[in-house]
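K.L.:
I need the structure of the sequence given here:
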Amino acid sequence: MNNSTQEKSRKIILTLVLAIFAVLCLFPFLWMVSSSFKNEIDVMEFPIRLIPKNINNTNYLTVWTKSNFPNYYKNSIFVTGITLFGSLILSTIAAYGFARLRFRGKKILFAIYLATLMVPVQVTLLPKYIYFGQLHLNNTFWALIFPGIFSAYNVYLMRQYFEPIPKELTEAAEIDGAGHFRTFLQICFPLVKAGFVTMLLFQFTWTWNDYINPLIYCNKESLLTLTVGLQRFQQSQSTHYALIMAGCTLALAPLIIVFLFTQKYYIDSFATSGVKG
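P.N.:
Predicted coordinates for the structure are as follows:
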């Protein structure tokens, strides 16, 4: 067997292995969506039927009208939207400063900034709860928004995109009289769109899926976000698995939609990550 045949066989085997793993990862999601359209008696049928024999369209309507789901959705959209907007602005500006500006102690400050990533979230829960209590922020959305706006990881991610930009571009803009803000917006920002959209996707996912912070800082029913609200809904529905799967699908839908619209930039960021200095 020659080298080309061996290489071809190796690729076929690798493709089959990856296909099996993809099916295993995708199957729970397909089962969830399928179960959300089934009658309750058909959810646990065996062998598993991904295409329901009797499609039930009322599960989603029941979840939306017979529970507090609309309020959960509204709260999650508000918290995620404000957090996302603030984080994208602050993280990109801070990353530009660490990547392009020169000031004393920059490396030390950036190292301290990154060191915060090593602190587990659970360690800061109690200090933040006490601190927010003194500021009268507990049981308000701001207890979720303010910590989410500041992200050391986002700053690090965007800094890696600003760093490879040739210094000649910013120096030429400076010679032409452009300030840092104009250089950031018109010169550097258009060159880091892939990183910006990747950061948007990460931040949206983290904030939308956040469970521990809403559980700790927002105890009022009117303030519950979708993650905690979904747990309350699951407890109230007990063994109504079709309704629970419909609720889970509704909670996951925004993430899928955002990824479908941003996947091009997301994949481009991985494709170009190997050449970033």
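
K.L.:
how near is the residue nearest to the spatial centre of the chain to N75?
P.N.:
For the chain, the residue nearest the mean C-alpha position is T205 (1.6 Å; CA atoms, centre = their mean). Note on T205: its distance to N75, by CB to CB, to the nearest Å, is 17 Å. Placement of C-beta: from N, CA and C, glycine included.

K.L.:
and what of Y161?
P.N.:
32 Å.

K.L.:
more neighbours, those two?
P.N.:
The residue with more neighbours, out of Y161 and N75, is Y161; 26 against 22, by other CB atoms under 10 Å.

K.L.:
on that earlier part again, can you name the next helix or strand after the host helix or strand of the residue nearest to the centre of the chain?
P.N.:
Per DSSP states H and E: T205 is located in helix 193-209. Scanning forward in sequence from helix 193-209 by DSSP H and E, the next helix or strand is helix 212-217.

K.L.:
mind listing what's buried along that next one?
P.N.:
213-214, 216-217 (16 or more other CB atoms under 10 Å).

K.L.:
any idea of the angle the strand or helix carrying P254 forms with helix 193-209?
P.N.:
When elements are assigned from DSSP H and E, P254 belongs to helix 241-271. For helix 241-271 against helix 193-209, the angle by axes from the mean of the first three to the mean of the last three CA atoms, to 10 degrees is 160 degrees.

K.L.:
where does the stretch 1-150 of the chain dip in pLDDT?
P.N.:
Within the stretch 1-150 of the chain, the segments meeting pLDDT under 70 span 1-3.

K.L.:
quick one: the strands in it?
P.N.:
In the stretch 1-150 of the chain, no strands are defined using DSSP state E, counting those that start in this stretch.

K.L.:
from the chain's centroid, how far away is the helix holding T205?
P.N.:
Here the centre of helix 193-209 is set off from its chain's centre by 5 Å, with CA atoms, centre = their mean, to the nearest Å.

K.L.:
that one packs against which elements?
P.N.:
Applying 3 or more CB pairs under 8 Å, 6 or more residues apart in numbering; DSSP states H and E, one finds that helix 193-209 contacts helix 69-100, helix 142-149, helix 152-162, helix 226-237, helix 241-271.

K.L.:
CA atoms of that helix as PDB?
P.N.:
Only the C-alpha atoms of helix 193-209 are listed here, as PDB (Å, rounded to 0.1, in the frame of the first residue of the first chain):
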ATOM      1  CA  LYS A 193     -14.100  42.700  13.200                       C
ATOM      2  CA  ALA A 194     -13.600  38.900  13.400                       C
ATOM      3  CA  GLY A 195     -12.300  39.200  17.000                       C
ATOM      4  CA  PHE A 196     -15.100  41.600  17.900                       C
ATOM      5  CA  VAL A 197     -17.800  39.300  16.700                       C
ATOM      6  CA  THR A 198     -16.200  36.400  18.400                       C
ATOM      7  CA  MET A 199     -16.100  38.300  21.700                       C
ATOM      8  CA  LEU A 200     -19.800  39.300  21.100                       C
ATOM      9  CA  LEU A 201     -20.700  35.600  20.800                       C
ATOM     10  CA  PHE A 202     -18.700  34.600  23.900                       C
ATOM     11  CA  GLN A 203     -20.100  37.400  26.000                       C
ATOM     12  CA  PHE A 204     -23.700  36.800  24.800                       C
ATOM     13  CA  THR A 205     -23.400  33.100  25.600                       C
ATOM     14  CA  TRP A 206     -21.900  33.700  29.100                       C
ATOM     15  CA  THR A 207     -24.400  36.300  30.100                       C
ATOM     16  CA  TRP A 208     -27.500  34.500  28.700                       C
ATOM     17  CA  ASN A 209     -26.500  31.200  30.300                       C
END
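
K.L.:
pretty sure F132 sits against N139.
P.N.:
No: assessed by CB atoms under 8 Å, F132 is found out of contact with N139, at 9.2 Å.

K.L.:
between these two, point out the one with more neighbours.
P.N.:
F132 (20 against 14).

K.L.:
and the more buried one, what is it in contact with?
P.N.:
138, 143, 217 (CB atoms under 8 Å, 6 or more residues apart in numbering).

K.L.:
on that earlier part again, put together CSV for the helices and strands packed on helix 193-209, with distance to I108 on each row.
P.N.:
Listed next are the helices and strands packed on helix 193-209 as CSV, based on distance: least, CB to CB, whole Å:
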stretch, distance to I108
helix 69-100, 12
helix 142-149, 24
helix 152-162, 15
helix 226-237, 37
helix 241-271, 28
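
K.L.:
many thanks, I have nothing further to ask.
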